[in-house]
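Undergrad: Model the structure of this input:
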Amino acid sequence: MSTIPYFRSLAGLALVAALSSCSASAQEDREIKHVFVIALENHDWTQPATVPGGIEPIDQSPNAPFINSLVNGTGLAIIGGHLENISGHVAYATAYHNVLATPSGNNPHIHPSEPNYLWAEAGTNFGILNDDDPYVDNPPNVQTTTQHLSGLLQRAGKTWKSYQEDIDLTTSGGKLINLTLPWDQWTVPLVSKSGVFGPGSYLNAYNDSVQYNYACKHNPQVFFTDTNGGGNTTTSNPLTSHYAPLQQLAFDLADNRVADYNWITPDQYNEMHSALTGGFAGLTGDASQIRAGDNAVSRLVPLIMSSRAYQDGGAIILWWDESEEDGEAGDNADDFNHTVGEIIISNLAHPNEGGLPYASSIDYTHSSDLRTMQEIFHVRATGGSSPYLGDAANANDLSDLFASGVIPTHP
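TA: Reported below is the predicted structural model:
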């Protein structure tokens, strides 16, 4: 019997295998593998005309030069030791609204911050309408359900981590100082804390102040028992490895040890929520809050973009928690005249158009982020009629902000 067909078949199989390998590699190159959410606070992206003393929007604000440079095509940053225009990695939303917002603003009022962070995890606020720590109230704000994003990731063998500024700090002379504890003394940060560092402390890395301000309400994973370890505030809590001080992010990026899903919250002075005593960069009030937040983002984004985790299927999401009234009498933050910021930074973002970052006009809310995370990480809700968590079943995903085919069509 001739051996030619046999060798031809081997060659054919080798070709098929090679093509399959190339196809799989090409597909993998178009997959998002690591997500970094940087949570920011209490500012509209756009809003109606403001009055003196009101909360100003971020879009075109002179006090947010870095963030605005991202979307206007002039974003510059040092990436891997080289100055680059990073706006080529950017796409953003122009019609991202507060949860349940309507054109008229006649809708349930999902405020203040904490309900929105819960919604980002589970597609609902569970009826919570305050900013209390997880175990303060009776009944407590903590939830026992496993049907939330980090819980689903955990059960599916995916990794998640919460980086929070001003947690796990050293005590000296009865006062906190800005020096992190050894990793084996870290805890799950279930209690908010704010104040002034003790004498001899290092200054805050982003704003050069001696003030600290960690808020549980901006750390969504601590509101679920399966991801907070059941309220254990000691080092014996089995979930401590999922929470780290923000300083640890740089080390994890350098060592390529970041999680699949990373939630990053600067402290309340560096996320645009609160004003430092004495202001920031010569500014006071709301202007100083915006500038301080922009400064923190301008440091965090290049740090992440320089990492292997970002370069190999990484996506950064600049996320704001809720829309705000601008200070004008009768203003309604829940109507479509107010938009919330949502900026994507990724090699897999929608390509620039006309030399500028792509601006999507599709209606989005926090439910859209949640739906998209479920699709990216292939995690499905259980026990209900939909594979999506809560209101994510009703939302548009963020696929328009990414290159075609990057976001899967189902979880």
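
Undergrad: For the rest of this, base every contact and every neighbour count on C-alpha atoms.
TA: Fine.

Undergrad: contact partners of stretch 112-127?
TA: 42, 99, 110, 128-132, 147-150, 217-221, 223, 321-322, 366-367, 369-370, 389-392 (Cα atoms under 8 Å, 6 or more residues apart in numbering).

Undergrad: now, which of those residues lie within helices?
TA: Among those, DSSP state H puts Leu149, Ser150, His366, Ser367, Asp369, Leu370 in helices.

Undergrad: Now which of those residues would you call buried?
TA: The neighbour count (16 or more other Cα atoms under 10 Å) marks Leu149, Ser150, His366, Ser367, Asp369, Leu370 as buried among those.

Undergrad: mind giving me a markdown table with these and columns for distance to Ala254?
TA: Formatted as a markdown table, those follow (distance: Cα to Cα, whole Å):
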| residue | distance to Ala254 |
| --- | --- |
| Leu149 | 26 |
| Ser150 | 24 |
| His366 | 30 |
| Ser367 | 32 |
| Asp369 | 27 |
| Leu370 | 28 |
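
Undergrad: which of those residues lies closest to Tyr212?
TA: Proximity to Tyr212 was ranked across these by Cα to Cα; first place goes to Ser150, at 26.6 Å.

Undergrad: what residues are up against that closest one?
TA: By Cα under 8 Å, 6+ apart, the neighbours of Ser150 are Glu121, Trp160, Gln221, Thr227.

Undergrad: what number of residues lie near Ala77?
TA: A total of 22 residues lie near Ala77 under the criterion other Cα atoms under 10 Å.

Undergrad: quick revisit: which one of the buried ones among the ones in helices among the contacts of stretch 112-127 is nearest Ile304?
TA: Taking Cα to Cα as the measure, Ile304 lies nearest Asp369 of these, at 19.6 Å.

Undergrad: residues in contact with that closest one?
TA: Ala120, Asp397, Leu398.

Undergrad: For burial, what's the neighbour tally of the last one?
TA: Translated: Leu398. Neighbours around Leu398, by other Cα under 10 Å: 23.

Undergrad: how about it, what does it touch?
TA: Tyr364, Ser368, Asp369, Thr372, Ile407.

Undergrad: Then the second one?
TA: Under the criterion of Cα under 8 Å, 6+ apart, the contact partners of Asp397 comprise Tyr364, Ser368, Asp369, Arg371, Thr372.

Undergrad: Can you tell me which of those has the most neighbours?
TA: Arg371 leads those on contacts (other Cα under 10 Å) with 30 neighbours.

Undergrad: Quick one: neighbours of the closest residue to that residue other than its chain neighbours, just the number.
TA: Closest residue to Arg371 apart from its sequence neighbours, by Cα to Cα, 6 or more residues apart in numbering: Ala392 at 5.0 Å. Other residues near Ala392 come to 25 when the count uses other Cα under 10 Å.

Undergrad: Give me the distance between Ala392 and Ala381.
TA: Look at Ala392 and Ala381: by Cα to Cα, to the nearest Å, they are 10 Å apart.

Undergrad: all helices of the stretch 151-300 of the chain, in order?
TA: Remark: helices assigned in the stretch 151-300 of the chain by DSSP state H, counting those that start in this stretch are 225-228, 248-254, 285-305.

Undergrad: wait, what's in contact with the residue nearest to Arg371?
TA: Applying Cα under 8 Å, 6+ apart to Ala392 gives the contacts Gly123, Ser367, Ser368, Leu370, Arg371.

Undergrad: gap between it and Gln154?
TA: Taken as Cα to Cα, the span from Ala392 to Gln154 is 19 Å.

Undergrad: Then Ile345?
TA: 25 Å.

Undergrad: neighbour count winner among these two?
TA: Under the criterion of other Cα under 10 Å, the comparison of Ile345 against Gln154 puts Ile345 first, with 27 against 15.

Undergrad: does that one count as helix, strand or coil?
TA: Classification of Ile345 by DSSP: H, G, I helix; E, B strand; the rest coil places it in strand.

Undergrad: what is it paired to in the beta sheet?
TA: Bridge pairing for Ile345 (DSSP bridges) gives the partners Val90, Ile316.

Undergrad: that older thread, which one of the contacts of Ala392 is nearest Trp263?
TA: Using Cα to Cα, the contacts of Ala392 come closest to Trp263 at Leu370, 12.8 Å.
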